[in-house]
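Enquirer: based on what follows, work out the 3D shape:
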Amino acid sequence: MFGTPLHPLLVHFPIALLILGTVTQIIAVIWKKDFFDKAALYLLAIGFVSGCAAFLSGDGAEQFASTHWGNAYQAVVRTHKIYATVTMLLFGAALGARVLIYFIKRRIFMPLVLIFCITGSITLALTGHYGGEMVYIQKHSTPTASSISAQN
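Expert: Numbers count the residues shown, from 1 in each chain. Next comes the predicted model:
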């Protein structure tokens, strides 16, 4: 367990929570039900916090990959990091606007929340795509000499 990075284990929680939060937020706007409005806020909040944990664990995964597979994946890692950063910024902005709406009791920022959530879901999908590409590269690359000696 401790020989492998936590990142691949953590990323699936924010993916599910943030996408479900986006869908729930859209439903809340269409149906104007308090239940969906609160559920969207909670899903986005928990998704954002778990996303922060997954984001911070990415450096450990990058070091692990560098040790085991060399530099074959560096361009994909760079792109993955950029999309991950943009995703976290978008969902952070969405959550900030949602919290503001919750406290001021005015829905003037709701169009921004929807734009941030939908755009964040798109960048989340792209982040996952490039993360999957790294897994594909790893499965089809040859291990480095240092990783072979570390296993023996």
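Enquirer: contacts and neighbour counts: CA atoms only from here.
Expert: Fine.
Enquirer: check which residues of stretch 7-23 are buried.
Expert: Neighbour counts over stretch 7-23 (16 or more other C-alpha atoms under 10 Å) mark 7, 10-11, 13-15, 17-23 as buried.
Enquirer: nearest to residue 67, out of the residues you listed: which one, please.
Expert: Set against residue 67, the nearest of those by C-alpha to C-alpha is residue 7 (15.6 Å).
Enquirer: residues of the longest helix anywhere in the chain that come out buried?
Expert: Longest helix in the chain, counting residues (DSSP state H): helix 34-69. Of all the residues in helix 34-69, those buried under the rule 16+ other C-alpha under 10 Å are 36-41, 43-48, 50-55, 57-58, 61-62, 64-69.
Enquirer: just stretch 76-87 next, same as before
Expert: For stretch 76-87, by 16+ other C-alpha under 10 Å, it's 76, 77, 80, 81, 83, 84, 85, 86, 87.
Enquirer: kindly reformat the residues you listed as JSON lines containing secondary structure.
Expert: Conversion of the buried residues of stretch 76-87 to JSON lines gives the following (DSSP: H, G, I helix; E, B strand; the rest coil):
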{"residue": "76", "secondary structure": "helix"}
{"residue": "77", "secondary structure": "helix"}
{"residue": "80", "secondary structure": "helix"}
{"residue": "81", "secondary structure": "helix"}
{"residue": "83", "secondary structure": "helix"}
{"residue": "84", "secondary structure": "helix"}
{"residue": "85", "secondary structure": "helix"}
{"residue": "86", "secondary structure": "helix"}
{"residue": "87", "secondary structure": "helix"}
